[in-house]
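> output the structure for:
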Amino acid sequence: MIRTDIVIIGAGIAGASLAAECALHARVLLIEREERPGYHSTGRSAAFWSETYGGPAVQPLTSASGPWLASPPAEFSDTGFLSSRGALHIARPEGEAALDRMAVAFAGRVRLDPVDRAGLEREIASLRPGFDRGLAEPSCANIDVAALHAACLKVARQRGAKLLCDAEVQAITRRPGGWRIDSRIGAVEAEIIVNAAGAWASTVAAMAGASPIDIAPHRRTIVQLAVDPPAPMSLPLVIDAEERFYFKPEPGGRLWLSPHDETQVVPCDVAPEEIDVATAIDRLEKVVDWRVLRRERAWAGLRSFAPDRAPVYGFDSRAPGFFWFAGQGGFGIQTAPAAAMIGAALLTGQSMPKMVRRIDAGRYAPVRFAT
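Numbering: from 1, shown residues only. Next up, the predicted model:
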């Protein structure tokens with residue numbers, strides 16, 4: 001029997017970053033269902049940081065995380081996790097209202113520069129007719145997901161946190177003063193459970209008798225293509241304002257492309273569907289006059305959303321000592337530093353760090369779903 005103060009279920013970027021923060025103030029144990037952390041969503045990210053991604057409810061977390069990711073504390077890394085990319089949001093005439101809504105939604109929050117047809121052509125070679133204006137998001141960056149996740153796990157260990165892998169949770173029982181968690185490799189007792197289980201968050205909550213918040217997993221597909229002409233590394237991240245596709249360059253002239261799909265699925269080791277890959281390529285060919293030479297590989301990840309598509313951070317109203325840290329959609333990586341600071345402060349009773357003090361943590365509380 002292992003005894004600890006806080007047990008965090010899930011060692012993806014959410015659990016790993018939270019463990020690194022909490023281990024400063026409490027004994028922390030991370031439990032991971034897979035043989036290695038980050039196997040599902042974290043390890044299958046499209047790897048970009050965009051202040052507009054996830055919408056206005058997510059933007060404060062992303063914006064607050066940016067400076068930390070660009071210049072993290074030395075114990076996390078000697079270099080930053082971000083590299084310059086830039087993004088272009090584009091739309092056909094029938095979708096230009098989406099550009100207008102974006103400009104209004106982020107006015108005063110995120111720099112978005114209007115771009116005309118000539119400006120689009122300078123950034124996107126062989127752009128097909130019909131795309132006449134867009135919005136440039138110069139702050140958009142690449143993010144080194146693997147390095148960030150590894151750094152969080154490293155710092156968590158250095159601060160005393162422990163990690164158990166291949167430890168799928170099988171039962172959760174309320175005990176006097178805390179919880180008992182039975183896993184595939186043994187039992188744990190803890191005062192507090194943190195539900196950072198991603199796609200399995202609703203399953204974990206049901207085991208604990210917590211509030212039935214529907215954290216629904218959705219499949220997102222990415223395909224790596226060889227194209228002619230080769231995709232230049234100067235190409236920005238290109239995003240359809242109507243959320244039908246996005247693509248970005250990779251080394252060697254390759255292209256990462258997604259149809260921006262969100263198909264609800266059961267929690268699983270998700271795989272790409274051929275129809276989604278074909279849809280992505282078809283949509284790309286309607287945007288640029290490039291020839292697809294070959295499909296080199298394709299993969300899919302799980303993106304889990306609460307009903308209002310905002311993350312859920314905070315203690316459950318039904319189950320004392322049960323803490324939600326879930327529903328982080330596809331934005332869990334780019335918001336990880338701010339989310340972890342908020343979560344750790346709520347968990348340990350510490351004051352909010354200066355970096356997140358202006359963020360209204362209450363807007364992410366699970367009590368918003370209480371009936």
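> what ranges do the strands span in the stretch 201-350 of the chain?
Here the stretch 201-350 of the chain has its strands, by DSSP state E, counting those that start in this stretch, at 216-228, 237-240, 246-250, 254-258, 263-264, 291-305, 312-315, 322-326.
> nearest to E274, out of the ones you listed?
Closest of these to E274 is strand 291-305, at 8.6 Å (criterion: Cβ to Cβ). Using the backbone N, CA and C atoms, a C-beta is placed for each residue, glycine as well.
> ok now the closest one, how far from the chain's centre?
Offset of strand 291-305 from its chain centre (Cα atoms, centre = their mean, to the nearest Å): 17 Å.
> repeat for stretch 218-232
Put simply, stretch 218-232 sits 20 Å off its chain's centre (Cα atoms, centre = their mean).
> check stretch 204-214 too.
The chain centroid and the centroid of stretch 204-214 are separated by 22 Å under Cα atoms, centre = their mean.
> over to stretch 256-270?
Taking Cα atoms, centre = their mean, one finds stretch 256-270 lying 13 Å from the centre of the chain it belongs to.
> just to revisit the earlier point, could you identify which of the strands of the stretch 201-350 of the chain is most buried?
Stretch with highest mean neighbour count among the strands of the stretch 201-350 of the chain: strand 322-326 (a mean of 27; mean count of other Cβ atoms under 10 Å).
> which ones are touching L29?
L29 makes contact with 2, 4, 6-8, 161-164, 188, 190 under the criterion Cβ atoms under 8 Å, 6 or more residues apart in numbering.
> same question for L164.
Going by Cβ under 8 Å, 6+ apart, L164 touches 29-32, 183, 185.
> so it bridges to which residues?
With DSSP bridges as the criterion, L164 is bridged to I31.
> and the strands in the stretch 1-150 of the chain?
Under DSSP E, counting those that start in this stretch, the stretch 1-150 of the chain gives strands at 2-9, 28-31, 48-49, 82-84, 87-91, 113-116, 133-137, 141-143.
> CA atoms of the longest one as CSV?
Listed in CSV are the C-alpha atoms of strand 2-9, where the atom choice follows Å, rounded to 0.1, in the frame of the first residue of the first chain:
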residue,chain,number,x,y,z
ILE,A,2,1.4,3.4,-1.1
ARG,A,3,0.2,6.4,0.9
THR,A,4,0.5,10.0,-0.4
ASP,A,5,-1.1,13.4,-0.1
ILE,A,6,-2.2,13.8,-3.7
VAL,A,7,-2.6,11.1,-6.4
ILE,A,8,-2.9,12.4,-9.9
ILE,A,9,-4.6,10.0,-12.4
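> count the neighbours of G66 for me.
Neighbour count of G66, defined by other Cβ atoms under 10 Å: 18.
> quick check, pLDDT for it.
Reported pLDDT at G66 in the predicted model: 98.
> what's the mean pLDDT across stretch 259-271?
The average pLDDT for stretch 259-271 rounds to 95.
> can you list contacts of that stretch?
With Cβ under 8 Å, 6+ apart as the criterion, stretch 259-271 contacts 39-40, 199-200, 203, 216-221, 240, 243-246, 273, 276, 279-280, 283, 299-303.
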